[in-house]
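> Need the 3D shape of this:
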Amino acid sequence: MAIRIAQVYPHADIPLPNVDLYDALAIVNYEVGRRLARRHQVVTYPKWVPGEREIEHHEGVTYRRIPEGIDRALNGLRILDAARLRNRRRPFRLSPLYYAHYAREVARDISERGCEVVHLHTVSNFIEPIRRANPRARIVLHMHDHSLADFDPALIGPWLEETALILACSRFVAEAIRRRYPAVAARCHELYNGVDERFLNVTADPAGSRTVLFVGRLCPEKGVHVLLSAMQQLSRTEPRASLSLVGPLDLSPKDFVDPHGRDPIFNGLARYYSNPGAYEELIRRQVNGLSHASLHGRVANSQLGSHYGRAGIFVFPSLWHEPFGIPVIEAMAAGLPIVATRGGALPEVVVDGETGILVERGDSEGLAAAISRLLSDPGLRRRMGAAGRRRVQQLFTWDGSVARLEELYRGALERAAAVDAQHVA
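Numbering: from 1, shown residues only. Next comes the predicted model:
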């Protein structure tokens, strides 16, 4: 049975026909949408970027882009969060003004198209405007961050009652939602992210490479400075090892990372969030202090394969409790062993001692020891890389994720139809 599906996420930029994606949720929207479109009618609502068409069709998906000029002006009110003039448990991104124009335009378009399922990515404040314009649509809220557990349940709880399904990108995120909102726990399911098969076709040779690779945003919460400190420690014992950093210097607001200041791992890092230039200066100084380290800057997801293919070890030293970590499964798909931190969803993705090595968050010495262990044992690198690739094939492909999503859609629609039938009777 074909379903009319709308995917909603206001921050995604999905240029066509050359699909150069950088943001994780743009990747999710694109990869999920084009697979759903094989059997269903799919419309996706990215933001409009100058030079792109407002409406475009690609791989069976209709892309309806929304200009963000009005919203860019309204979203300037986020300064109230930084100035502590709003309730910290109800930040601006949960207010009805956050992307209000986008939400209104999308809700109207969804109604005109008669979509049966509205799949919202992360933006829980859109539930109310979508519901008002689409009283019979089934709303799916797909969480890729911690915000449902971080903020006021008295505000968010009533929104969740309007959902037919709540998805989380990991068990870590799903369990936090279930604990916070027991009334809707039964409709909350984890749905892992995936990788496109092109990453499984990468021919990495981890046993033959001594390059340590990181892919992601270069920012404090990703722990890039901790990795650089670990590589400095290793430079004395592993002089032939090299470090490759792929990604932009791009800092999220600290309120997105540690909104209530409860995680001691961020003690001492506040100055970098208030002055992003200071973090860039730190990273460049650390890189310049190493003999074999390179900054590659922002690279499109479609071009990452060559970086994975040249590496011997992939390191993801995240300081915060990572909701998932798509670069990790891309590296595993390419056959690389992983060194990652023991926080958030990363222990779900990386099997310690089998597909990689887990260390404590912020532990540069532990990170250095794990990297050194792998550098000294090419056979271990090869075995862990092969085990990681098998794990991706079993758990983390987009085809598998979308097949599971279709099952969850059908279940939600059947339950809703049964409830409607009871009301009619």
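
> tell me the mean pLDDT for stretch 231-238?
Per-region confidence: stretch 231-238 scores 94 on mean pLDDT.

> buried stuff in that stretch?
231-235, 238 (16 or more other Cβ atoms under 10 Å). No exception for glycine: its C-beta is placed from N, CA and C like everyone else's.

> Quick one: residues in contact with it.
By Cβ atoms under 8 Å, 6 or more residues apart in numbering, the surrounding residues in contact with stretch 231-238 are 210, 212, 241, 243, 286, 289-291, 293, 364-365, 368, 371-372, 375.

> Once you drop chain neighbours, what's closest to Gln393?
Nearest residue to Gln393, sequence neighbours excluded (Cβ to Cβ, 6 or more residues apart in numbering): Leu200, at 6.9 Å.

> what do you get for Lys254?
Tyr273 is the one closest to Lys254 (Cβ to Cβ, 6+ apart), at 4.0 Å.

> Contacts only, for that neighbour.
Counted by Cβ under 8 Å, 6+ apart, Tyr273 has contacts 220, 251, 253-254, 257.

> So what's the residue count around Tyr308?
23 (other Cβ atoms under 10 Å).

> surely it meets Val328?
No. With contacts counted by Cβ atoms under 8 Å, Tyr308 stays clear of Val328, the gap being 11.2 Å.

> what touches both of those two?
Phe314.

> can you redo the contacts of Tyr273 as a markdown table with neighbour count, secondary structure and pLDDT?
Output for those, formatted as a markdown table (neighbours: other Cβ atoms under 10 Å; DSSP: H, G, I helix; E, B strand; the rest coil; pLDDT from 0 to 100):
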| residue | neighbour count | secondary structure | pLDDT |
| --- | --- | --- | --- |
| Pro220 | 27 | helix | 95 |
| Leu251 | 22 | coil | 85 |
| Pro253 | 13 | coil | 80 |
| Lys254 | 18 | helix | 80 |
| Val257 | 21 | helix | 87 |
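
> Most widely separated two among the residues you listed?
Pro220 and Pro253 (11.7 Å; Cβ to Cβ).

> out of the contacts of Tyr273, who's nearest Ser95?
Of all the contacts of Tyr273, Pro253 has the smallest distance to Ser95: 15.4 Å, by Cβ to Cβ.

> If we go by neighbour counts, what in the helix or strand bottoming out on mean pLDDT in the chain is buried?
Within the chain, confidence by mean pLDDT, DSSP states H and E is lowest for helix 79-82 among all helices and strands, at a mean of 71. Of all the residues in helix 79-82, those buried under the rule 16+ other Cβ under 10 Å are Asp81.

> how distant is the helix or strand just after it from the center of its chain?
Per DSSP states H and E, the first helix or strand lying C-terminal to helix 79-82 is helix 100-113. Relative to its chain's centre, helix 100-113 lies at 24 Å (Cα atoms, centre = their mean, to the nearest Å).

> Can you tell me which helices and strands the helix or strand following helix 100-113 packs against?
Using DSSP H and E, the next helix or strand after helix 100-113 towards the C-terminus is strand 117-121. When contacts are defined as 3 or more Cβ pairs under 8 Å, 6 or more residues apart in numbering; DSSP states H and E, strand 117-121 packs onto strand 4-8, helix 24-36, helix 127-133, strand 138-143, helix 398-424.

> Can you name every helix or strand that the longest one contacts?
Where contact means 3+ Cβ pairs under 8 Å, 6+ apart, helix 398-424 is packed against helix 24-36, strand 117-121, strand 138-143, strand 163-168.

> How about the third one?
Helices and strands in packing contact with helix 127-133 are listed as helix 100-113, strand 117-121, strand 138-143, helix 153-160; criterion 3+ Cβ pairs under 8 Å, 6+ apart.

> I'd like a version of these in JSON lines, one that adds mean neighbour count and distance to Glu56 as further columns.
Shown next, in JSON lines, are the helices and strands packed on helix 127-133 (neighbours: other Cβ atoms under 10 Å; distance: least, Cβ to Cβ, whole Å):
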{"stretch": "helix 100-113", "mean neighbour count": "19", "distance to Glu56": "14"}
{"stretch": "strand 117-121", "mean neighbour count": "24", "distance to Glu56": "19"}
{"stretch": "strand 138-143", "mean neighbour count": "24", "distance to Glu56": "23"}
{"stretch": "helix 153-160", "mean neighbour count": "16", "distance to Glu56": "31"}
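
> hang on, the earlier thing: select, out of the helices and strands packed on helix 398-424, the one closest to Phe314.
Of all the helices and strands packed on helix 398-424, helix 24-36 comes closest under Cβ to Cβ, at 16.2 Å.

> and the closest one, average pLDDT?
Mean predicted confidence for helix 24-36 is 97.

> now do stretch 56-70
95.

> Now do the buried residues in it.
For stretch 56-70, by 16+ other Cβ under 10 Å, it's 56, 58, 61-66, 68.

> Strands of the stretch 251-400 of the chain, residue ranges please.
Secondary structure of the stretch 251-400 of the chain by DSSP state E, counting those that start in this stretch: the strands cover 293-297, 313-316, 338-341, 356-359.
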